[in-house]
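**Q** Give me the fold of what follows.
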Amino acid sequence: RRIHLFHRYCHVHNKNIDEVAFMSKLSRGMQMEVALHSHEKHLRSVPIFHGAPTDFYERMCLELKTEFYAPNEIVFREGDYGDSMYLLAKGLLLLRYSGSDQALVLYEGRLFGDIAVMGLSNSKRSGTITTVTRCDLRRIMKEDLDRLLSYYPEIRNLIRVEALWNVV
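**A** The predicted model follows:
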């Protein structure tokens with residue numbers, strides 16, 4: 001409840017905070033509470049994470065960073081180095097591939113950037129992601145994801161299978 005009130009206060013009073021600096025000043029227990037409040041429901045919306053152990057959600061929540069985008073912003077371009085994977089928490093995105101007139105719409109609860117971080121495209125982005133609406137994303141850096149998934153090889157395999165499916 002107190003975390004919710006703090007977030008509401010920041011939103012109402014337009015108090016932008018540096019998430020990393022803010023979290024670094026909290027005790028480990030408070031860091032966990034804030035991270036779970038901010039990220040857990042979004043992680044649980046991802047189908048491949050259903051049934052994951054509680055400690056996976058806790059560890060993953062501690063690694064995620066929040067990013068906000070306005071409509072019509074490019075999150076990344078095809079060919080960029082893929083240093084992170086994302087979760088679309090709120091909003092709509094378009095995925096475009098060069099040489100194609102078609103675009104795929106990505107909805108809330110969708111992972112993206114998984115192809116590059118799983119090493120399936122020589123660590124390069126396979127498409128361009130553009131926001132359609134205001135978007136609330138969660139981002140995890142490749143090194144943090146690799147470290148986390150070393151404890152959960154079954155989840156690594158699920159992400160890899162999902163990424164392979166997205167390549168096809």
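
**Q** Find the nearest non-adjacent residue to Asn81, please.
**A** Rather than Asn, residue 81 is Tyr. Spatial nearest neighbour of Tyr81, excluding adjacent residues (C-beta to C-beta, 6 or more residues apart in numbering): Ser123 at 6.1 Å. (Each C-beta comes from the backbone N, C-alpha and C, glycine too.)

**Q** What is the subsequent helix or strand relative to the top helix by length along the chain?
**A** In the chain, assigned by DSSP state H, the helix with the most residues is helix 28-44. Using DSSP states H and E, the next helix or strand after helix 28-44 towards the C-terminus is helix 54-63.

**Q** which parts of that following helix are buried?
**A** Buried residues in helix 54-63, counted by 16 or more other C-beta atoms under 10 Å: Phe56, Tyr57, Arg59, Met60, Cys61, Leu62, Glu63.

**Q** Can I get those in a markdown table including distance to Arg139 and pLDDT?
**A** Shown next, in a markdown table, are those (distance: C-beta to C-beta, whole Å; pLDDT from 0 to 100):
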| residue | distance to Arg139 | pLDDT |
| --- | --- | --- |
| Phe56 | 18 | 94 |
| Tyr57 | 17 | 92 |
| Arg59 | 16 | 92 |
| Met60 | 12 | 92 |
| Cys61 | 13 | 90 |
| Leu62 | 13 | 88 |
| Glu63 | 9 | 91 |
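
**Q** Tabulate the residues you listed (CSV), appending distance to Phe112.
**A** Formatted as CSV, the buried residues of helix 54-63 follow (distance: C-beta to C-beta, whole Å):
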residue, distance to Phe112
Phe56, 20
Tyr57, 20
Arg59, 21
Met60, 16
Cys61, 19
Leu62, 21
Glu63, 17
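
**Q** just to revisit the earlier point, burial of the residue nearest to Tyr81, as a residue count?
**A** Residues contacting Ser123 under the criterion other C-beta atoms under 10 Å number 15.

**Q** now do Phe112
**A** That count, for Phe112 with other C-beta under 10 Å as the rule, works out to 22.

**Q** so how far is Ser126 from Val46?
**A** According to C-beta to C-beta, to the nearest Å, Val46 stands 20 Å off from Ser126.
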